[in-house]
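K.L.:
With the sequence up front, the predicted model follows.
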Amino acid sequence: MRKLSIAVLALLLAAAPAAAVEPDEMLADPVLEQRAQELGKELRCLVCQNQSIEESNAELARDLRILLRQRLVAGDSDEEAKAWLVDRYGDYVLLNPPFKPATYVLWLGPLALAGIAGTAGVAYLRRRGRSVAEPPPPLSAAEQARLDAWRAQRGEPT
Amino acid sequence: MIVELGHYALVLALFVALFQAVVPLVGAGRGDLRWMNAAGPAALVQFLLVGASYAALTWAYVVSDFSVLNVAENSHSTKPLFYKISGVWANHEGSLLLWVLILAAFGWAVAAFGRNLRTGLRARVLAVQAMIAVGFAAFILFTSNPFLRVGRPPLDGNDLNPLLQDIGLVLHPPFLYLGYVGFSIAFSFAIAALLEGRVDAAWARWVRPWTLAAWVFLTAGIALGSWWAYYELGWGGWWYWDPVENASFMPWLAGTALLHSAIVVEKRETLKSWTILLAIVAFSLSLLGTFLVRSGVLTSVHAFATDPTRGTFILLLLVATVGGSLTLFARRAQAVSGGGLFAPVSREGGLVLNNVIMSAAAATVLLGTLYPLFVDVFGGGKISVGPPFFNASFLPMMVPLVLVMALGPLLAWKRGDLSGALQRLTVAGVTALIAAFVGIWLSADADAAWAALGLGLAAWLGVGTLTDLAERVRLFRAPPAETLRRLARLPGGTWGMATAHFGLAVVILGITGASLWQVEKIETMRIGESVAVADYRFTLDAVRDGTGPNYTTTQATFTVTRDGAAVAVLEPEKRVYTVRGQPTSEAAIQSSLVGDLYAVIGDPDEKGGWTVRLYWKPLVGMLWLGSVLLGLGGLLSLADRRFRIGAPVRTAVPAGARRV
């Protein structure tokens, strides 16, 4: 367990330094290279702790970057290139999870949470505000007399 | 021997904490003054014992006692003294000991500074504090003991991961823990209030400064971590929506909500039960953060399942704390509810809206962080939830938040004048529109909408906050002398709010610039060659080899010119730490208010060239400046006079002298 936890700690704290995309991997066509870099940011380096292949210097990330560029050069659209990778590595490779039954809760959750919080907030504000709208009842004669007396005592005009 | 004494001191601390958790609580229940008053001395003794224990471990690091397993695995005789001392908390066991030390220190501080607290409340707060200490001390002693010896000590240690041998990461964990553990005070006060069935303005005045202090520490801790990632990881990223980052961000969101709702409790004696719930949630999320990072569950559910001792222990601790406190809340919340009425459009209304959005945002981050775990546990396979999800779900929630942030402070308590407030924000609105157009003009088509939104929001919030300040001192509407007099009299809380809100505007500016307008060049360069990056030209002058205390280094020298004039010399390094053979990259950064020049040196190729990464990162400095303003705002609020005086205690009204 100790060995494991050290490995875990190292992974957690030490996203691999430097490197990522190397000049020799880059495509000559700047438009295609730009597309590859944008796509790479949405693809997970599978052996890393939450890094995209664009950011990681792991061997696997490098291989994936080269594969991705090969697909783009071969004429794949962004979607086709992603689908090609998902076929081989599963949904895990996508940092942007696809919308499907297993992720309905994930994608609809924030909307539901915002809705619930908003509704609860509005309901609370309504309840709190119900009787503020009406002015407070006027002072009774006795209260007014005591207020006047107090003000007179302080030398204020009544 | 010293190490064994440290070990023993921790065992004693556990028993003192047990005593402190039970006796004062029972005393408070029975109204026994002597039993209640035992809490204070117990807190002091507990603090001294944990302190001795921590000092003993530090000693083992300083003298490089490699017969202690923890030292052997995380230190090395050639490591600089500074990193030997900080190395104590750069590993699992030592960092938990630091956690307990901070907990004990805060407990002692409540005992020492809380003499004017009601005796019963003080006893209960300290007892709850001690319960947490029992849990964590037991966790260390039974599953993560840093004092264990090895049979055959190695000649030298494994060294500390070189990425951690850095000032940013030296300070990052202690600040995070000060934040996490700081929320334990709010939690203890919340539980004590539930036990007492009583929450009043005096209670809020106690909870707010502690929450503020914790929030300032947590803000600093998160900013330090982000800054570290920026300069150490080699491509200048500063936020990844990594589960470990989210783990500290969730308590921050809940803590921010708590900070604002506690204002309402203090000023208007309403939102009480909600504030209590937030205090419980903020600390629970802090515990969850510790659990997520420490159990290994994030890397793999299966790693957790194969050796679950630690994970199960923290999980039980978490379930006991969260479950126990929420059950108590469900049973007792009614007793502390109630309070003043207010219209939806009012200062209270604005603060409620803050709470609504902050809660939804924290819950969203929680959902995204834990979702892959749930899918995996329930057999749905492995999925990734990365930055695209958080950007799509979290950022939209921040838009209404920022819109209301400028408006809320201009509304009066109880019933605000919406059209009046909006009228006063005309200048902010116009500035925001201009800023949005500037954003569109500065950006490529694909980014234009984001740039307009980012700059517009930053301007709206920044100018709106200044408008509020100007209103309060009647700038240009009263004679200058009157304005100055009002300025001098503004309470610390007002300065704090204005500074922090303005700080967020600055952070938004930084996020916008750093995300949208970065220019990156990744090239192979030979000595003497130069590359244009945005308006700058980087020339590679030299590459030299050298050695440091425990590493070898390759250092490059770049001269950066703009329009032919030299503006900077950048000397990035690539280091290899000898003991672990691990490379790190030390980026060279020249910062200014407009942006950072950022250079990284990589590997050589066979033909005499070097891989280099050169960046122009506009407005990145605003992220750190804004974070500093956020923290400074917290400190200014903390310095507010009313926290030193405390709330007036309602005394019984003498008969015949009924209040008017």
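P.N.:
That came through fine. Numbering: from 1, shown residues only, chains lettered A, B, ... in the order given.
K.L.:
Just give me the longest helix of chain A.
P.N.:
helix A:104-129 (DSSP state H).
K.L.:
Now do the same contact list for the residue positioned nearest the centre of chain A.
P.N.:
Centrality entry for chain A: nearest residue to the mean C-alpha point is A:P110, 9.9 Å, by CA atoms, centre = their mean. Going by CB atoms under 8 Å, 6 or more residues apart in numbering or on different chains, A:P110 touches B:360, B:364, B:367, B:393-394, B:397. Quick note: C-beta positions are derived from backbone N, CA and C, even for glycine.
K.L.:
Swap in 7 Å and give it another go.
P.N.:
By CB atoms under 7 Å, 6 or more residues apart in numbering or on different chains, the contact list for A:P110 reads B:364, B:367, B:393.
K.L.:
cool, and B:G503?
P.N.:
Counted by CB under 7 Å, 6+ apart, B:G503 has contacts B:626, B:629-630, B:633.
K.L.:
before we move on, what SS does B:I601 have?
P.N.:
strand (DSSP: H, G, I helix; E, B strand; the rest coil).
K.L.:
close enough to count as contact, it and B:W610?
P.N.:
Yes: using CB atoms under 7 Å, B:I601 is in contact with B:W610, at 6.1 Å.
K.L.:
Run a quick neighbour tally on B:R642.
P.N.:
The tally of other residues near B:R642 (other CB atoms under 10 Å in any protein chain shown) stands at 14.
K.L.:
what's the spacing between it and B:W252?
P.N.:
Applying CB to CB, to the nearest Å, the value for B:R642 to B:W252 is 25 Å.
K.L.:
So B:A532: helix, strand or coil?
P.N.:
Secondary structure for B:A532, judged by three-state DSSP, is strand.
K.L.:
Check it and give its pLDDT.
P.N.:
For B:A532, the pLDDT comes out at 91.
K.L.:
now chain A, which segments are flagged as low pLDDT?
P.N.:
A:1-20, A:130-137, A:157-158 (pLDDT under 70).
K.L.:
How about the residue in it positioned nearest to chain B: what's its closest non-neighbour residue?
P.N.:
Chain B sits closest to A:L95 of chain A, with a gap of 2.7 Å, by CB to the nearest CB. Excluding the flanking residues, the one nearest A:L95 by CB to CB, 6 or more residues apart in numbering or on different chains is B:G386, at 2.7 Å.
K.L.:
Likewise for B:L625?
P.N.:
Going by CB to CB, 6+ apart, B:L625 has B:V506 as its nearest residue, at 5.6 Å.
K.L.:
That neighbour touches B:V628, doesn't it?
P.N.:
No: assessed by CB under 7 Å, B:V506 is found out of contact with B:V628, at 9.0 Å.
K.L.:
So which of these two has more stuff around it?
P.N.:
Between B:V506 and B:V628, B:V506 has the larger neighbour count (other CB under 10 Å), namely 23 against 16.
K.L.:
measure that one to chain A for me?
P.N.:
Distance of B:V506 to chain A, computed by CB to the nearest CB, to the nearest Å: 26 Å.
K.L.:
May I ask which helix or strand encompasses that residue?
P.N.:
Here B:V506 sits within helix B:492-516, counting by DSSP states H and E.
K.L.:
And B:S77, how far from B:N70?
P.N.:
15 Å.
K.L.:
So which of these two has more stuff around it?
P.N.:
Legend: neighbour count by other CB under 10 Å for B:S77 and B:N70, higher for B:N70 (28 against 14).
K.L.:
tell me the phi and psi of the more buried one?
P.N.:
Here is the backbone geometry of B:N70 (degrees, to the nearest 10): phi -60, psi -40.
K.L.:
how about the residues of the stretch 101-250 of chain B near chain A?
P.N.:
Residues of the stretch 101-250 of chain B lying near chain A by CB under 7 Å from any CB of the partner chain: B:161, B:163-164, B:232-235, B:237, B:240, B:242-244.
K.L.:
If we use 8 Å, what do you get?
P.N.:
B:161, B:163-164, B:169, B:229, B:232-235, B:237, B:240, B:242-244 (CB under 8 Å from any CB of the partner chain).
K.L.:
Between those residues, which sits nearest chain A?
P.N.:
B:G234 (3.6 Å).
K.L.:
Surely that closest one and B:I601 touch.
P.N.:
No: B:G234 is beyond contact range of B:I601, at 9.7 Å (criterion: CB atoms under 8 Å).
K.L.:
can you list residues touching both of the two?
P.N.:
Common contacts of B:G234 and B:I601 (CB under 8 Å, 6+ apart): B:S585.
K.L.:
what domains does the record give for the chain?
P.N.:
Reading this off chain A. Here the domain parsing of chain A from automatic domain parsing is A:2-93, A:106-153.
K.L.:
should've been chain B
P.N.:
Taken from automatic domain parsing, chain B resolves into B:1-165, B:170-186+B:202-314+B:338-403, B:425-517+B:625-632, B:519-618.
K.L.:
Name the stretch among those that sits most buried.
P.N.:
Using mean count of other CB atoms under 10 Å in any protein chain shown, the stretch among the domains of chain B with the largest mean neighbour count is domain B:170-186+B:202-314+B:338-403, at a mean of 22.
K.L.:
what ranges of chain B fall below the confidence cut-off?
P.N.:
B:295-296, B:298-307, B:337-339, B:644-660.
K.L.:
mind redoing it with 80?
P.N.:
Confidence mapping of chain B against pLDDT under 80 gives the ranges B:158-165, B:200-202, B:233-236, B:291, B:293-311, B:334-340, B:379-381, B:444-446, B:579-581, B:641-660.
K.L.:
Tell me where it has strands.
P.N.:
B:519-525, B:530-533, B:536-547, B:551-562, B:565-570, B:573-577, B:582-586, B:588-591, B:595-604, B:610-618 (DSSP state E).
K.L.:
Name the residues that touch the second one?
P.N.:
By CB under 8 Å, 6+ apart, the surrounding residues in contact with strand B:530-533 are B:519-521, B:523, B:525, B:537-540, B:597, B:612, B:614-616.
K.L.:
With distance to A:Q34 added, can I get those residues in JSON lines?
P.N.:
What follows is the contacts of strand B:530-533, written out as JSON lines (distance: CB to CB, whole Å):
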{"residue": "B:V519", "distance to A:Q34": "13"}
{"residue": "B:E520", "distance to A:Q34": "11"}
{"residue": "B:K521", "distance to A:Q34": "13"}
{"residue": "B:E523", "distance to A:Q34": "16"}
{"residue": "B:M525", "distance to A:Q34": "21"}
{"residue": "B:R537", "distance to A:Q34": "22"}
{"residue": "B:F538", "distance to A:Q34": "21"}
{"residue": "B:T539", "distance to A:Q34": "26"}
{"residue": "B:L540", "distance to A:Q34": "25"}
{"residue": "B:L597", "distance to A:Q34": "23"}
{"residue": "B:V612", "distance to A:Q34": "20"}
{"residue": "B:L614", "distance to A:Q34": "17"}
{"residue": "B:Y615", "distance to A:Q34": "16"}
{"residue": "B:W616", "distance to A:Q34": "17"}
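K.L.:
so which of those also contact chain A?
P.N.:
When contact is defined as CB under 8 Å from any CB, the contacts of strand B:530-533 meet chain A at B:E523.
K.L.:
residue of the stretch 551-660 of chain B with the smallest distance to chain A?
P.N.:
Residue nearest to chain A within the stretch 551-660 of chain B: B:S585 (3.5 Å; CB to the nearest CB).
K.L.:
That residue and B:W235 touch, don't they?
P.N.:
No: look at B:S585 against B:W235 with CB under 8 Å: they stay out of range, at 9.1 Å.
K.L.:
What residues sit buried inside stretch B:195-204?
P.N.:
B:195-196, B:198-204 (16 or more other CB atoms under 10 Å in any protein chain shown).
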